[in-house]
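Asker: Sequence and predicted structure below; questions after.
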Amino acid sequence: MSKLVIVRHGQSRWNLENRFTGWVDIELSPKGIEEAHDAGKKLKGYTFDIAFASALKRAQSTLYIILDEIGQRDIHMEFDKSLNERMYGDLQGLNKDETRKQYGDEQVKIWRRSYDVAPPNGESLKDTSARVLPYWNYNIVPLLKKGKNVLISAHGNSLRALIMHLEKLTKEQILETEIPTGVPKLYDLDENLNVLETKYL
């Protein structure tokens, strides 16, 4: 049996400003730093063999803070753009409230939460899954099958792609799935990576 913990990075400066961030490399806000410390405190007593994060510094900073909190900064870490947030295309940098006024609440919700509708020049969750899941299958699954404990610090949509896969959720279920910032989600997995138990810590 292995343990997987996924964490959505703490609040970023653009989360605070209510802007679409996507692949723009924005730092954590002071609250985000605090959330990362809180996540680390919740993970005290857990031991990890390896950690993964996206290529974006808000996910990496969250990971570093967590590992410092639990005294495991020396474990092997891998960073890859396959775990990056969804590319929001033309929406990146725009204020979400202003975007709703321009395009309507329902259209913005579809862009943000639907499975296969992409914002202009951006990625849908389906597109995001198409890069997250091959990375997961090739780089992370073999470790979990060997009984390794894995920590992943990533983003709302890259983690939604992973949750949809792990928990076998439908397109409709993932539409309503919200992932809080800085709250670790623990999965106990059997040797075939079936979910035995999952909970937010």
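Answerer: Ah, there it is. As the structure is a computational prediction, the values presented were derived from the model and not from experiment.

Asker: quick one: contacts for the residue nearest to residue 9 when sequence neighbours are not counted?
Answerer: Spatial nearest neighbour of residue 9, chain neighbours left out: residue 62 (4.1 Å); criterion: Cβ to Cβ, 6 or more residues apart in numbering. (C-beta placed from N, C-alpha, C; glycine too.) Taking Cβ atoms under 8 Å, 6 or more residues apart in numbering, we find residue 62 in contact with 7, 9-10, 28, 32, 35-36, 39, 53, 153, 182.

Asker: Format those residues as CSV; extra columns: distance to residue 134 and neighbour count.
Answerer: Shown next, in CSV, are the contacts of residue 62 (distance: Cβ to Cβ, whole Å; neighbours: other Cβ atoms under 10 Å):
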residue, distance to residue 134, neighbour count
7, 22, 30
9, 22, 31
10, 27, 28
28, 28, 26
32, 29, 24
35, 29, 23
36, 28, 27
39, 27, 26
53, 17, 26
153, 19, 33
182, 27, 25
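
Asker: Which members of the residues you listed are the farthest-apart pair?
Answerer: Largest separation among the contacts of residue 62 by Cβ to Cβ: 35 and 53, giving 15.3 Å.

Asker: Report the rounded mean pLDDT for the helix or strand hosting residue 63.
Answerer: Per DSSP states H and E, residue 63 falls inside helix 57-70. For helix 57-70, the mean per-residue pLDDT is 98.

Asker: now the strands for this protein?
Answerer: For the chain, applying DSSP state E gives strands covering 2-8, 50-53, 76-79, 150-154, 185-189, 195-200.

Asker: about what we covered before: nearest to residue 77, of the contacts of residue 62?
Answerer: Nearest to residue 77 among the contacts of residue 62, with distances taken as Cβ to Cβ, is residue 53, at 6.9 Å.

Asker: I'd say that closest one and residue 81 touch.
Answerer: No. Here residue 53 does not reach residue 81: they are 10.6 Å apart, not a contact under Cβ atoms under 8 Å.
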